[in-house]
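Novice: This is the structure alone, sequence omitted:
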């Protein structure tokens, strides 16, 4: 059924059985979620990432622009062992075995345990698509990394894969678990990743902005076709939680 059409089934009565599928649990507003605005807004974010890379390439053959140089100068002035440790922790979390395998697999397994298969599929598709586009843009633009690097990285500075991964995960979890604290935690994590990548000299400032745009855009674009199913899973999860709380209450005497 097209999510953009209104639900043609009869409204559920209070005494009717709980729906067993995400489609049945999705409420009328979620079924009418237009695919157009997330597709357009997400595509625009991805397009801006491409345009930013193209601007950097055409303006100076990939060399840093003024904002990059000014930000890097500030970073170099404030480098100290105190800030290096958290920056290296973010470097570990954002890539390598932890960022590519351990954390994503743990999230997917958790979603299946919570009986959220559509959310797990959404997470996998968006994570893979984001990583693929990062590698495509790195190959396309071939921007050199800064010289004052504190870590070892492969070639291709634009966009930041660490930041794209962080932004994708933040938006994914915010959509799957629509809670304010989830969005705040995701935003803090993403900004911390942006700062850490420039602090370690692994990326220019504009690399992290490109990664942010790409990660957010991919997550929003892929949310569009799965919006109703994800909302249905949220509804079922709330009903299960409400049922568990009700059964845990002591029976009246």
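Specialist: Thanks, I have it. It should be emphasised that the depicted structure is a prediction, and the values quoted were computed from it without experimental measurement.
Novice: Okay, helices next: where are they in this structure?
Specialist: Here the chain has its helices, by DSSP state H, at 22-25, 28-31, 36-60, 66-77, 81-94, 96-97, 103-113, 117-141, 161-176, 180-199, 205-223, 227-248.
Novice: wait, which of these is closest to residue 147?
Specialist: Proximity to residue 147 (Cβ to Cβ) singles out helix 66-77 among the helices of the chain, at 9.7 Å. Just so you know, the C-beta spots here come from the backbone N, C-alpha and C atoms, and that holds for glycine as well.
Novice: got the contact list for the closest one?
Specialist: With Cβ atoms under 8 Å, 6 or more residues apart in numbering as the test, helix 66-77 has contacts from 64, 146, 148, 198-199, 201, 204-206.
Novice: Please identify the buried residues of it?
Specialist: Of all the residues in helix 66-77, those buried under the rule 16 or more other Cβ atoms under 10 Å are 68, 71-72, 75.
Novice: Check stretch 182-190 too.
Specialist: 183, 186, 189-190.
Novice: pLDDT for those - can I get that in TSV?
Specialist: Listed next are the buried residues of stretch 182-190 as TSV, based on pLDDT from 0 to 100:
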residue	pLDDT
183	97
186	97
189	97
190	97
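Novice: Any regions of the stretch 151-253 of the chain where pLDDT drops low?
Specialist: Across the stretch 151-253 of the chain, the ranges flagged by pLDDT under 70 are 243-253.
Novice: To residue 152, which of the helices of the chain lies closest?
Specialist: helix 81-94 (10.1 Å).
Novice: packing partners for the closest one?
Specialist: Contact here means 3 or more Cβ pairs under 8 Å, 6 or more residues apart in numbering; DSSP states H and E; on that basis helix 81-94 packs against helix 161-176, helix 180-199.
Novice: Please identify the most buried of those.
Specialist: helix 161-176 (a mean of 26; mean count of other Cβ atoms under 10 Å).
Novice: and the angle from it to helix 117-141?
Specialist: Put simply, helix 161-176 runs at 150 degrees to helix 117-141, going by axes from the mean of the first three to the mean of the last three Cα atoms, to 10 degrees.
Novice: Verify the contact between residue 137 and residue 161 for me.
Specialist: No. Look at residue 137 against residue 161 with Cβ atoms under 8 Å: they stay out of range, at 9.6 Å.
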